[in-house]
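> Sequence and predicted model, in that order:
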Amino acid sequence: MAYSNFTNLAQVQDTFQLILEENHNLFTEVAGIPPSDYLQQTLAEYVPLATAINTEKARF
């Protein structure tokens, strides 16, 4: 079956007999870490530029 034949998730679930599990948090046991100084400096420098350009590509 071609990808374009599927129009919604329910149709995919029915066709392939899939079970959608949305309540699992994969990262509950992963401890957070503070961002490095380099990352903070880089973001401080480039985020204003990216938001000033005002395009989707620049923002992401």
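Okay, I see it.
> ok, residues contacting stretch 7-17?
The contact list for stretch 7-17 (C-beta atoms under 8 Å, 6 or more residues apart in numbering) reads M1, F6, L18, I19, L20. Every residue, glycine included, has its C-beta placed from N, CA and C.
> hmm, 7 Å instead?
Stretch 7-17 is contacted from outside by M1, F6, L18, L20, using C-beta atoms under 7 Å, 6 or more residues apart in numbering.
> Buried residues in the longest helix anywhere in the chain, which are they?
In the chain, with assignment by DSSP state H, the single longest helix is helix 37-53. Under the neighbour-count criterion of 16 or more other C-beta atoms under 10 Å, helix 37-53 has nothing buried.
> chain center to it, what's the gap?
20 Å (C-alpha atoms, centre = their mean, to the nearest Å).
> Over to stretch 3-15?
The answer for stretch 3-15 is 22 Å, by C-alpha atoms, centre = their mean.
> Neighbours of F6, how many?
Look at F6: counted by other C-beta atoms under 10 Å, it has 13 neighbours.
> host element of the closest residue to it other than its chain neighbours?
Nearest non-adjacent residue to F6, counting by C-beta to C-beta, 6 or more residues apart in numbering: V12, 5.2 Å away. Element membership of V12 [criterion: DSSP states H and E] is helix 9-16.
> Next, the buried residues of that helix.
Buried-residue list, helix 9-16, by 16+ other C-beta under 10 Å: empty.
> what's the distance between the closest residue to I19 other than its chain neighbours and F6?
Nearest in space to I19, with sequence neighbours left out and distances taken as C-beta to C-beta, 6+ apart, is Q13 at 7.5 Å. Relative to F6, Q13 is positioned 10 Å away (C-beta to C-beta, to the nearest Å).
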